[in-house]
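Q: Dropping the sequence and predicted coords here.
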Amino acid sequence: MALCGAMGANEDQEELLLPLVQAVRDQLAGRLRPGIMPGDCGPAFALAAAMITMERLSGLQEEGSAGEVTSFTAGDLTIQKRSGGQTAKSLSEQAEEMLAPWLRDEGFLFRGVAG
């Protein structure tokens, strides 16, 4: 909770923030390699949980996030959001990279084929 506050969470968000932090913490703990506890990750576990929580909190508060507006015109005024080519990694992606040494391998499975 303190890390989320340091990352910009407001005190009025505490009612939503506490269950969100707990859910993210439980989710991350379930992805750790067998025999690894959250404390074994040092400060990386708490920081990763706070990063993911803040990204999810931001997603919950954004209205219309499903259809992001990239251009808006009102009379002679035009506002356009441009992509700089290479996009920055999301907080969740950065958090997962930080915890990678302690997380189970997911997304790839290599099996021998009888031949």
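A: Now that the structure is in, tell me what you want to look at. Numbering: from 1, shown residues only.
Q: Would you state the helices of the protein in chain order?
A: 2-6, 14-30, 43-61, 91-99 (DSSP state H).
Q: With mean neighbour count added, can I get those in TSV?
A: No exception for glycine: its C-beta is placed from N, CA and C like everyone else's. Converted to TSV, the helices of the chain look like this (neighbours: other Cβ atoms under 10 Å):
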stretch	mean neighbour count
helix 2-6	14
helix 14-30	15
helix 43-61	19
helix 91-99	17
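Q: Could you tell me the least trusted of these?
A: Comparing mean pLDDT across the helices of the chain, the weakest is helix 2-6, with a mean of 82.
Q: I'd like the helices of the chain written out as TSV, with distance to Asp105 added.
A: Converted to TSV, those look like this (distance: least, Cβ to Cβ, whole Å):
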stretch	distance to Asp105
helix 2-6	27
helix 14-30	14
helix 43-61	17
helix 91-99	12
